[in-house]
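>>> test case, fold it:
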Amino acid sequence: MAIMSVIALAGNQNSGKTTLFNELTGASQYVGNWPGVTVEKKMGHLKSNKKLMFLDLPGVYSLSPYTLEERISRKYLIEQPPDLILDVLDSTNLERNLYLSLQLMETGLPMILALNMKDLLKKQGRTINLKKMEYLLSLPVVSLSAVKKENVPDLIKQIQKSVKEPPKYPYPEYDDRLESALTMISQQIQSYVTPSKLRWYSIKFFERDEEIQQEIKLSIQQQREIEDIIKTAEEIFGDSSDSIIVNARYDYVAQIMAMCVIDRNDFQISVSDQIDRIVTNKWLALPIFVLVMWLVYYLSIQTIGTIGTDWVNDVLFGKWLPDIVGSLLSSWHVAAWMTELIIDGIIGGVGSVLGFVPQIMMLFLCLGILEDCGYMARIAFVMDRIFHRFNLSGKSFIPMLISTGCGVPGIMATRTIESEKDRKMTIMLTTFMPCSAKLTVIAMISGTFFPGQSWVAPSAYFLGMLAVVGSGIFLKKTRMFSGPPQPFVMELPAYHFPRPGNILHYVWSRSKNFVQKAGTIIFASCVLIWFLSSFNWQMHMVDQNHSMLKTIGSVLAPVFAPLGFGDWRATVAVIAGLIAKENCVGTLRLAFGSNSAQSFAQALNSTFSPMAGYAFLVFNLLCAPCFAAIGTMYKEYGDKMWTFRAVFYQTSLAYICALSIYQCWLILTGSFTGLNILYAIIGLSIVIYGLMIKKDKPVEKNEALI
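Coordinates of the predicted model:
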C-alpha cells in the first residue's frame, strides 16, 4: 500500500490559502471537524496525485494560543506534525505574513513558502528577489497567483520534490544575547522533548507560555533556573520576555524585507491608500457608512428590490397561483377545508414570505459587492474606533457583520474573540443586527406604513447597532462583563473590482438558505397557524374570531398594548417569530385572512397606527432570536443559565425600546393620557439609568474571602 504524505497549508487570514487549496484539490476535498471542536477541517487529495493529501489549517496571524484557531493549528503542528508545511503568504502584505513564517520555521518542520497574489504585487510596482529570499531563509520560495492559476504547476513540482526528499532547514537565528538565553533554556529541557522540537519549546518557555509550562513538568530547581535566565535577559533588553521574542522576529523580518523587496513606488501613495484617506477619515468615515447603508436599503427595499417583490406578491402569489390551484382543486372536488388550507394556509402563508426574496437578493447583492471590493473590512476598522470608546472590542463587529445574513453563523463567529467576557457579551448582542429573516418584517412595515419614506429600513440597521453600543456601555459596567476590551488586528486588503463569480455565489447561497427555510420551517409553521386560526378547542371549524389562535393571542395581547400593537393577531405573530422571524409576516397574513398583498396592507393600516407598526418592527428586531439561534447560543455558552440571561436581556431591551419609542411618539403628537406619560417616563428612565449607572467596584481578594 502506497504511503500517503500530508501537506498542511498554513497562512494568515485573507492570504488566499483556501483559494489555493481549492485549486490544488479540486473536487476531491471533504470537510469534517477537528477533534473535540466544531471548527471545520478541510482535507483533499492533489488532483494529479492521490498520494499527496492537503490539510487546510485555520487562518491565523501567529501560533500564540489566544484564539481557538491558533490553538488548533499549533496543537496539530506540534503533536501530529505533517510531512510538509506549505506556508501561503500575501505578497502585498509580506511583512505581516513573514511573522507567522518565522514561527512555523521554529517548529523545525520542512517548509515551502508560496508567495501568493503576484499579480497584485506587480500592480503595486513591487518585486521580490526570490533567489535572495531562498538564500536568507534556506527555504524553497515560489511566487504565484492562485486566483489566476499562475505558477501553480511550479509549486506542485516543488511540493513533490520536497516530499520525496525532505530537506533539513536551519532555524531562524535572532540576536546573540537572545540566542544565548535560548541555548541555556534548551539545556534545562532537552531531556523532556525530542531534539527536533527543542528550539520551539525553548522559545515557548522563554515566552512563559502557560500551556507549555503545564505540559512539561520540570523540577522546582529547573523552573527557578529558567526563570533566572529569563529575568536576566529582560534586564539586558529592558523589556518583557514575550516582547523580546516579538521584536526579534520583526527585526529578522525587516532584514528580509530590506534585502529582498524592491519597491519602485516608494514615494507614491497607492490608490487604496488615497481612498482610505477619505473612507476611514476620523470625521467622514461614519457619515459615509451611513450614506452607503442608506443606499443599500434604498435599492433593496424602496426601488429595485420592491419591483420584484410587488410582482411576486401581487401577481404570482396573489393571482396566478391561487387562481390556477383553486380551479384545479375545484375540478377535483376537493373538500372546502382542504382548499382553504392550500390556498390560504400554504400559498398565502408561504407566499407572503417568499415574496420578499427579490428584496433579499438585492440586499445580498449590495452587501456582496461591498464585501468583495474591500469596503466592509474598512467598516470593521472604523467600528473598532467607535467600539473602543465604549469599552467594546472591534472583533465584536465581525460576528455582527456576519449576522446580517443569519444570526447562527454570526454567533459561531464569536469563537475568534480571545476574551471570554467579550465573547459571551458578543453572543448576547450579535443578533441585534437585522438578519435576512428580519428583513421581511422591515420590508413589510416599511412598505405598509411608510411607503416612499427611505429612512425606515436603514434605521432598523442602525437601531440594531445603537442597541449594541448602548448595551456595551451598560453591560461593561457589570461584574460579569467588566474588563478592558481586547485589541483588534486585521489586514485591510487593497481595493479591487468585485469578482462576479464571488458575488453570485454569495447571493445564491444566502438566498437558497432563505428559500429552503421557507419550504420547511415556514411551511410547517403556516400549516399550524392555519389550523389554530380555523378550529376551536372542540375541533370544530370556525371563523378566526372564535378560533384557538385568537384565544392564545388574547391572553398575551395586554402585555403588548403599551407598545401599540395589543391586538391578538400581532401577539401571535410575535410568538410565531420565535420559531423563525419570517413567520411574523406569514402569521399576520393568515390571521388577517387577506387574499392579496393590497388587502393585507389595508387591513394593517386600519388596525395599527404607523408608529405602532414601527414599534412592532423594533420589538421583533431586538427581542430573542429564532429557536435555531437560541440553540446555537446555548451550544456556544454551554450553559442554560447564560442562555436564559441572554434571551431575557434581549427581550427586555426590545420591550423597553419599543415602549419608549411608541409612548414618546404619542406625547409628541399630542394624543396622550396620563398613563402614556407614565409609560414614557418608565421606559426612558430605565434607558438613562442603564447608560449613566456607575461601574461596579471590583471585588477585592480579601472581600471575596469574607
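>>> show me what contacts residue 615?
By Cβ atoms under 8 Å, 6 or more residues apart in numbering, the contact set of residue 615 is 563-565, 658-659, 661-662. Heads up, the C-betas are built off the backbone N, CA and C, glycines and all.
>>> what is the rounded mean pLDDT of whatever helix or strand residue 71 lives in?
Assigned by DSSP states H and E, residue 71 belongs to helix 68-79. Average pLDDT, helix 68-79: 83.
>>> then stretch 472-491?
Stretch 472-491 comes out at a mean pLDDT of 73.
>>> still on that earlier bit, which strands and helices sit next to the helix holding residue 71?
strand 5-11 (3 or more Cβ pairs under 8 Å, 6 or more residues apart in numbering; DSSP states H and E).
>>> the strand it packs on pairs with which strands, and in what direction?
Strand 5-11 pairs in its sheet with strand 49-56 (parallel), strand 84-90 (parallel), by DSSP bridges.
>>> lowest-confidence stretch among the ones you listed?
strand 49-56 - the lowest mean pLDDT of the strands paired with strand 5-11, at a mean of 88.
>>> next one: it to chain centre, how far?
30 Å (Cα atoms, centre = their mean, to the nearest Å).
>>> show me the contacts for residue 108.
Neighbours of residue 108 in contact, by Cβ under 8 Å, 6+ apart: 171, 196-197, 199-200.
>>> can I have the buried ones of the residues you listed as a PyMOL selection?
The following PyMOL line selects those of those that are buried, judged by 16 or more other Cβ atoms under 10 Å:
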select buried, resi 171+197+199+200
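>>> out of the contacts of residue 108, which are inside strands?
Per DSSP state E, strands hold no members of these.
>>> nearest to residue 643 among the contacts of residue 108?
residue 200 (39.5 Å; Cβ to Cβ).
>>> quick one on the thing from earlier: what residues sit buried inside the helix holding residue 71?
Quick answer for helix 68-79 (16+ other Cβ under 10 Å): 68-78.
>>> what angle do strand 84-90 and that helix make with each other?
Per axes from the mean of the first three to the mean of the last three Cα atoms, to 10 degrees, the angle that helix 68-79 makes with strand 84-90 is 150 degrees.
>>> render the CA-only coordinates of helix 68-79 in PDB, please.
The C-alpha trace of helix 68-79 is given here as PDB (Å, rounded to 0.1, in the frame of the first residue of the first chain):
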ATOM      1  CA  LEU A  68      -9.300  28.700  19.000                       C
ATOM      2  CA  GLU A  69      -7.900  28.700  15.500                       C
ATOM      3  CA  GLU A  70      -4.400  29.300  16.900                       C
ATOM      4  CA  ARG A  71      -4.700  26.500  19.400                       C
ATOM      5  CA  ILE A  72      -5.900  24.100  16.700                       C
ATOM      6  CA  SER A  73      -3.100  25.000  14.300                       C
ATOM      7  CA  ARG A  74      -0.400  24.800  17.000                       C
ATOM      8  CA  LYS A  75      -1.600  21.600  18.500                       C
ATOM      9  CA  TYR A  76      -1.700  19.900  15.100                       C
ATOM     10  CA  LEU A  77       1.800  21.000  14.000                       C
ATOM     11  CA  ILE A  78       3.400  20.000  17.300                       C
ATOM     12  CA  GLU A  79       1.500  16.800  18.200                       C
END
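>>> hmm, back to that, tell me the two of the contacts of residue 108 that are most distant?
Farthest apart among the contacts of residue 108 - using Cβ to Cβ - are 171 and 197, which lie 11.2 Å from each other.
>>> so where's the stretch 401-550 of the chain shaky on pLDDT?
Along the stretch 401-550 of the chain, segments meeting pLDDT under 70 span 416, 418, 484-493, 518.
>>> so where do the helices sit in it?
407-412, 420-429, 436-449, 456-475, 500-517, 523-534, 548-560 (DSSP state H, counting those that start in this stretch).
>>> closest one to residue 57 among those?
Using Cβ to Cβ, the helices of the stretch 401-550 of the chain put helix 407-412 closest to residue 57, at 18.4 Å.
>>> next, format the buried residues of helix 68-79 as CSV and append distance to residue 256.
Shown next, in CSV, are the buried residues of helix 68-79 (distance: Cβ to Cβ, whole Å):
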residue, distance to residue 256
68, 30
69, 25
70, 23
71, 28
72, 28
73, 22
74, 23
75, 28
76, 26
77, 22
78, 25
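>>> and which of these is nearest to residue 517?
residue 68 (27.9 Å).
>>> pretty sure the closest one contacts residue 414?
No. Between residue 68 and residue 414 there is no contact under Cβ atoms under 8 Å: 10.2 Å.
>>> what is the burial count for the closest residue to residue 26 other than its chain neighbours?
Leaving aside its sequence neighbours, residue 26 sits nearest to residue 47 (Cβ to Cβ, 6 or more residues apart in numbering; 4.5 Å). Here the count is done by other Cβ atoms under 10 Å, and residue 47 has 14 residues near it.
>>> same question for residue 85.
24.
>>> now do the contacts for it.
Counted by Cβ under 8 Å, 6+ apart, residue 85 has contacts 7-8, 10, 77, 104, 107, 109-112.
>>> for it, list each beta-bridge partner.
residue 8, residue 111.
>>> roughly how far does it sit from residue 152?
18 Å (Cβ to Cβ, to the nearest Å).
>>> what do you get for residue 452?
From residue 452 to residue 152 the distance is 53 Å (Cβ to Cβ).
>>> how is this protein divided into domains?
According to automatic domain parsing, the chain comprises the domains 5-164, 176-263, 287-485+503-692.
>>> in JSON lines: those domains, plus distance to residue 496.
What follows is those, written out as JSON lines (distance: least, Cβ to Cβ, whole Å):
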{"stretch": "domain 5-164", "distance to residue 496": "8"}
{"stretch": "domain 176-263", "distance to residue 496": "20"}
{"stretch": "domain 287-485+503-692", "distance to residue 496": "6"}
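>>> packing partners for the helix or strand residue 353 falls within?
Using DSSP H and E, residue 353 falls within helix 349-354. Applying 3+ Cβ pairs under 8 Å, 6+ apart, we find helix 349-354 packed against helix 523-534, helix 583-592.
>>> in the longest one, what counts as buried?
Of the residues in helix 523-534, those buried by neighbour count under the rule 16+ other Cβ under 10 Å are 523, 525-534.
>>> check residue 568 and give its pLDDT.
The model's pLDDT for residue 568 equals 93.
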